[in-house]
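K.L.:
Got a predicted structure plus its sequence, pasted below:
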Amino acid sequence: MLTSAFHTSILNSFSDTINENCKILMEKLENELDSEEFNIYPYLTNCALDIICQTAMGVSVNAQHGTSEYMKAVKEISRTMLRREMNPWWWYDSVHYFSSNYADQQKALKIVHGFTDSVIERRKLERVNKISYSKNETAAYGEKQKKAFLDLLLDMAEESSKPFTTADIREEVDTFMFAGHDSSSSATAYAVFLLGCHPEIQEKVFQELYSVFGSSDRFPTKADISQLTYLECVTRESLRLYPVVPVIGRILAEDTELDGYLVPAGTTIDINISAIHHNANHFPEPNKFNPDNFSPENKAKRHPFAFVPFAAGLRNCIGRKFASDEEMILLSTLFRKYKVVSLQKPEELMVEPDLVMRPKNGIKVRISRRQYPSD
Ligand code: HEM
């Protein structure tokens, strides 16, 4: 159901939403111009949350403007899942049910489900009454009243012979929400961090941006983005060094030979994406940040599965294009406007496992406004 909603033409319609939220992010960052040091990670996470909420449900939770109950609950659910994973006693349902973690999780789930259900019910009613979406809700979608992901699901549900309950639809919307905000904001955060550590590479990115945009601060178009080939290499190289989903699990469908060992069908295996990305046979200096690893020549020389941040095969990431577009828009806007200096060294940056691999102590940076020749 989700996959068909990710048709390219639909993804393109989300770029207005990304741009509008990116503009708010830039305004918020203005307040940090005088800071000696600040953590840019929460800014990126809140921006990603607003983007995903608007694209998923067509409503804003205004995460960038404050703290909504829904936003806190989304974060709390991630935290309770992680706490459970870290505490083997809680792997048993019967023990977990009596824990405070379970109570916290249920409380947060109630808020999240209640919010999603109310949006779905309201949308369904509007469709029955053929009321077009209210002005506030569509403002982010521009004049043409672009549909949210939820509307596409409701279209599909109406056309399907199988009845869909609100809970079925809610599950799809929640999957989109949870898979889509932490992953893309962390990916963007690591790219910002690495560019902040490597001024010479940041300068090269800026020169590319300048060649496409000049000193304009206009929203990037699809055509602009397709010209930013070096920035694209930067985003890939960042995901290579910091794959935000570092390990995935699979159950073997058939007997498989691995390194001379026969692993029987039905075995659960972990695939260590981070280790694949740091394999010196594929990336000669595996710990060095080198965007040229993704130049067309270097890419052509490598095995196609040497770089798999979005997994591969049937259950790969369906939000890959969305995530890449979002990251390119955010980075191309941010680095046109600001110079970024990272105040942590790569060896000091601690990562912690959550639903995705997050920077444990955030991303500490200092920013200054870019000077253009006409300034
Ligand atoms: C840089 C950002 C992202 C990365 C690195 C990433 C990575 C991944 C990976 C590795 C998987 C496979 C997980 C597994 O098999 O256990 C996955 C699945 C998935 N991702 Fe992403 N993702 C990103 C962004 C997004 C976004 C923005 C969305 C939605 C808008 C999204 C939606 C999904 C969904 C729905 C699945 C499950 C697909 C399925 O089970 O068939 N992802 N992602």
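P.N.:
That came in fine, so what should we check first? Remember, predicted model here, so these are calculated numbers, not experimental data.
K.L.:
For the rest of this, base every contact and every neighbour count on C-alpha atoms.
P.N.:
Will do.
K.L.:
which bits of the stretch 201-350 of the chain sit near the ligand?
P.N.:
Taking CA under 6 Å from any ligand atom as the contact definition, the stretch 201-350 of the chain meets the ligand at 244-245, 248-249, 309-311, 315-320, 322-323.
K.L.:
Point me to the residue of the stretch 51-200 of the chain nearest the ligand.
P.N.:
In the stretch 51-200 of the chain, the residue found nearest to the ligand is Gly180; the distance is 3.5 Å by CA to the nearest ligand atom.
K.L.:
Mind checking which of the residues of the stretch 201-350 of the chain next to the ligand are buried?
P.N.:
Buried members of these, counted by 16 or more other CA atoms under 10 Å: Val244, Val245, Pro309, Phe310, Ala311, Cys317, Ile318, Gly319, Arg320, Phe322, Ala323.
K.L.:
Please give me every residue in contact with the fourth one.
P.N.:
For Phe310, the contacting residues are Val245, Asn316, Cys317, Arg320, by CA atoms under 8 Å, 6 or more residues apart in numbering.
K.L.:
backbone phi and psi for the residue nearest the centre of the chain, please?
P.N.:
In the chain, the residue lying closest to the centroid (CA atoms, centre = their mean) is Ser184, at 1.5 Å. For Ser184, the backbone dihedrals are phi -70, psi -30 (criterion: degrees, to the nearest 10).
K.L.:
My read is that it contacts Ala48, right?
P.N.:
Yes - here Ser184 reaches Ala48: they are 7.1 Å apart, a contact under CA atoms under 8 Å.
K.L.:
Quick check: closest non-adjacent residue to the residue nearest to the centre of the chain.
P.N.:
Ala323 (5.6 Å; CA to CA, 6 or more residues apart in numbering).
K.L.:
Secondary structure element holding that neighbour?
P.N.:
helix 320-337 (DSSP states H and E).
K.L.:
list the helices and strands that helix packs on?
P.N.:
helix 15-30, helix 166-197, helix 199-213, helix 229-241 (3 or more CA pairs under 8 Å, 6 or more residues apart in numbering; DSSP states H and E).
K.L.:
Any chance of the ones you listed in CSV with mean pLDDT as columns?
P.N.:
Formatted as CSV, the helices and strands packed on helix 320-337 follow (pLDDT from 0 to 100):
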stretch, mean pLDDT
helix 15-30, 94
helix 166-197, 89
helix 199-213, 97
helix 229-241, 98
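K.L.:
Make a markdown table out of those and add distance to Lys75.
P.N.:
Putting the helices and strands packed on helix 320-337 into a markdown table (distance: least, CA to CA, whole Å) gives the following:
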| stretch | distance to Lys75 |
| --- | --- |
| helix 15-30 | 20 |
| helix 166-197 | 9 |
| helix 199-213 | 31 |
| helix 229-241 | 23 |
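K.L.:
With respect to Met328, which of those helices lies nearest?
P.N.:
With CA to CA, the closest approach to Met328 among the helices and strands packed on helix 320-337 belongs to helix 229-241: 7.1 Å.
K.L.:
next SSE after that closest one?
P.N.:
Beyond helix 229-241 toward the C-terminal end (DSSP H and E), the next one is strand 247-251.
K.L.:
Beyond that following strand, next helix or strand please.
P.N.:
Strand 247-251 is succeeded, C-terminally, by strand 256-258 (DSSP H and E).
K.L.:
For the residue lying closest to Thr268 once chain neighbours are set aside, grab the count of nearby residues.
P.N.:
Using CA to CA, 6+ apart and skipping the chain neighbours, the partner closest in space to Thr268 is Ile251 (4.3 Å). For Ile251, the neighbour count with other CA atoms under 10 Å is 12.
K.L.:
Show me how far the helix or strand containing Tyr43 is from its chain's centre.
P.N.:
Assigned by DSSP H and E, Tyr43 falls within helix 41-57. Chain-centre distance of helix 41-57: 9 Å, with CA atoms, centre = their mean, to the nearest Å.
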